[in-house]
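K.L.:
Give me coordinates for this.
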Amino acid sequence: MTTIDETVEAVVNAPTWDQRVAEIRLIPQRHGKNDHPDLYAQVARRLYVPHLAPDFAYIHDAPFYDAEHFDEVYTAAYTATSGFTKVDVDWLATVLEADPPSLLVFRTITGLLKNELAGTTKLVAEQLGDDHQPVSPSTVDNAEKRGSRLTSAQAHVLATAIDQLMSKKLFADPPDGLHSKQDKFDTKDGWDTVRDLVQNGVPYRAFLHQRHYGGPFLLVSNATSTHRGDLLEDEVEELFKAKGIPYVRTGSSNQGDIATKFGVTVTPAPDFVVFDANNTLRAMLECKATNDGGTARDKANRFDSLHNEGARLGGIPVMAVLGGTGWARARDALGPVVQYTDGRVFTLETLDEMLSVAPFPQLIGLAVDGAN
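P.N.:
Prediction:
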């Protein structure tokens, strides 16, 4: 009888990915079900865990949040206000109308998000009357990011809002247990504090406290959360395009098409379906990223469903592309994924190796050659 250690070594030492898959598929024949959790977990730890990387180690490029961009708009705002000494409402309005991207600097000084500043302009517009209108979040966003023109009325409302925020006239003193957002280090005494810090610098302790209070990459992480969620899918799609692999990337709009064209009825459909020149389904691929072990355990059940669907369709292989350290939870998270995919588990580090696994070698270049 083959021991667990012997089976693990056979899988680990398989010279090719397809032979690794073949060895993993022999496990149910060689071992009883009681051995499976430990066996798949050992394989997972040996072959797959070393290639996992935390997705919190990086953030996406976001030029709007880069230091170079902020330095540019800061310099313009600093110059236009003579070092934040000319900050009366009329002059601020003139600056904003002439240089809409400078709104980013003044909004950042107030500590408000774009939706919060837009909400503040509703209060200001009511005060001003005379048909003054609040400024929408999209107007704020377009002015800051694209330099979209502000009307004189919009610039005036924004300048008034900034002025009243800095002078603490807009909102009442907070009750016990609450802080005004203007009580932060650089605006405690309004523009006087700003000017003092411009001249004398910010103590490193204050800089670190702000990092502790809000996180150095919090806004850019939130702003790019959609991209972060799509990171694995984007990399897979880029690889498929580069190698001419015929595929469909599924989404909310084409779930029914996947069922009609390929007979895939599991819902939701897998992230990718791969097919050949005859439009015959050849593989299903699912991407999952998490840095939490409990979440990884819950996500593993998805691969059980896909495995059953692949079996129903006549043995269609299921591929997994995983990211995040949550998958290091081997026994009840990564191990089951290895089981349900017969070891066809990849990370960003090993993604190119997926093309050596059946059926991909026979599909390379088909899309370039005209497959639909």
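
K.L.:
Quickly note the distance from P174 to T120.
P.N.:
According to CB to CB, to the nearest Å, P174 and T120 sit 15 Å apart. (C-beta placed from N, C-alpha, C; glycine too.)

K.L.:
Break down the stretch 101-250 of the chain into its helices, ranges please.
P.N.:
Ranges of helices in the stretch 101-250 of the chain, per DSSP state H, counting those that start in this stretch, are 103-110, 114-128, 137-146, 152-166, 191-200, 204-214, 218-223, 225-229, 231-243.

K.L.:
Rebuild the ones you listed as TSV, extending it with mean neighbour count.
P.N.:
Putting the helices of the stretch 101-250 of the chain into TSV (neighbours: other CB atoms under 10 Å) gives the following:
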stretch	mean neighbour count
helix 103-110	22
helix 114-128	17
helix 137-146	18
helix 152-166	23
helix 191-200	14
helix 204-214	11
helix 218-223	14
helix 225-229	12
helix 231-243	17
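
K.L.:
was I right about M166 contacting S180?
P.N.:
No: under the criterion of CB atoms under 8 Å, M166 makes no contact with S180, lying 11.5 Å away.

K.L.:
State the mean pLDDT of the longest helix seen in the chain.
P.N.:
As assigned by DSSP state H, the longest helix anywhere in the chain is helix 293-312. Helix 293-312 comes out with an average pLDDT of 96.

K.L.:
got a list of contacts for it?
P.N.:
With contact meaning CB atoms under 8 Å, 6 or more residues apart in numbering, helix 293-312 is reached by 264-266, 270, 284, 286, 288, 290, 316-318, 320, 324, 326-329, 332-334, 336-337, 340-341.

K.L.:
Kindly report the same for stretch 141-154.
P.N.:
Contacts of stretch 141-154 (CB under 8 Å, 6+ apart): 64, 93, 96-97, 100-101, 103-104, 107, 114, 132-133, 135, 139, 158.

K.L.:
hmm, back to that, what is the subsequent helix or strand relative to the longest helix of the chain?
P.N.:
Sequence-wise, the next helix or strand downstream of helix 293-312 (DSSP states H and E) is strand 318-323.

K.L.:
and the angle from that following strand to helix 293-312?
P.N.:
Taking axes from the mean of the first three to the mean of the last three CA atoms, to 10 degrees, one finds strand 318-323 and helix 293-312 inclined to each other by 160 degrees.
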